[in-house]
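Visitor: Take a look and give me a structure for this.
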Amino acid sequence: MNQKPISLELIKATIDFHGHSCPGLAIGIRAAELAMDKFGRSLDEEIVAVVETDMCAVDAIQFLLGCTFGKGNLIHLDYGKSAFTFHSRQKGKSIRIVARPNAIGDPGDELIALRTKKLKEELTPSEQKRLKEATAERTKRIMEADIDKLFDVKPSQSPVPCKARILESLICQECGEATMESRTRRLFGQTLCTSCFEALEKRL
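Guide: This next block holds a predicted model:
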């Protein structure tokens, strides 16, 4: 694929938005690169991104493509996959981009061990430095890899999500908080928000 690469200035701005550079963000940048080449950037709600992960990659997609929860054109499916579907409402086309497993090689025992020690807050200063170096090396490989080796790209069979709707708010009769009517539930004749409904249901 001969897509136009994202400029270094825009990559830096994406890293600043996310807070740090990492392999997960790099995956998002490269996926956004493909989507932008295909559909451009969403100025409003023209492009819808459906993401199947909540990892760092989503920040890149949000920042680079202009897809946000607030506009209703960023939709999260909690599937735990590095998979991203992009719909163009203007062009009537969709693509699904899926990161290939170990496209840049297995992380290796050392990196896995260092990540594990980091979670346990047991890294020594030298190990912290090595983890940073290893992470930067992996990020660099993702950013420099041939994009067709990183992802499988195919037409999406899922329909284009509906545009965000402005709905009435109803008052939950348990907590008294205003709740979008499409997110309310009924129990014993009461209108409840989802959290109150689930809490009451557990006590039954």
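Visitor: what ranges do the strands span in the chain?
Guide: Under the criterion DSSP state E, the chain contains strands at 47-51, 74-76, 83-88, 93-99, 151-155, 169-171, 178-180, 185-187, 190-192.
Visitor: Which of those sits closest to residue 132?
Guide: Among the strands of the chain, the nearest to residue 132 by Cβ to Cβ is strand 93-99 (22.7 Å). (C-beta placed from N, C-alpha, C; glycine too.)
Visitor: mind checking how far the closest one is from the chain centre?
Guide: Relative to its chain's centre, strand 93-99 lies at 13 Å (Cα atoms, centre = their mean, to the nearest Å).
Visitor: For that strand, buried residues please.
Guide: Residues of strand 93-99 classed as buried by neighbour count (16 or more other Cβ atoms under 10 Å): 94-99.
Visitor: Equivalent analysis for stretch 155-171, please.
Guide: Along stretch 155-171, these residues count as buried under the neighbour rule (16+ other Cβ under 10 Å): 156, 170.
Visitor: And that stretch, end to end?
Guide: Separation of the first and last residues of stretch 155-171 by Cα to Cα, to the nearest Å is 42 Å.
Visitor: Over to stretch 82-100?
Guide: Using Cα to Cα, the two ends of stretch 82-100 sit 9 Å apart.
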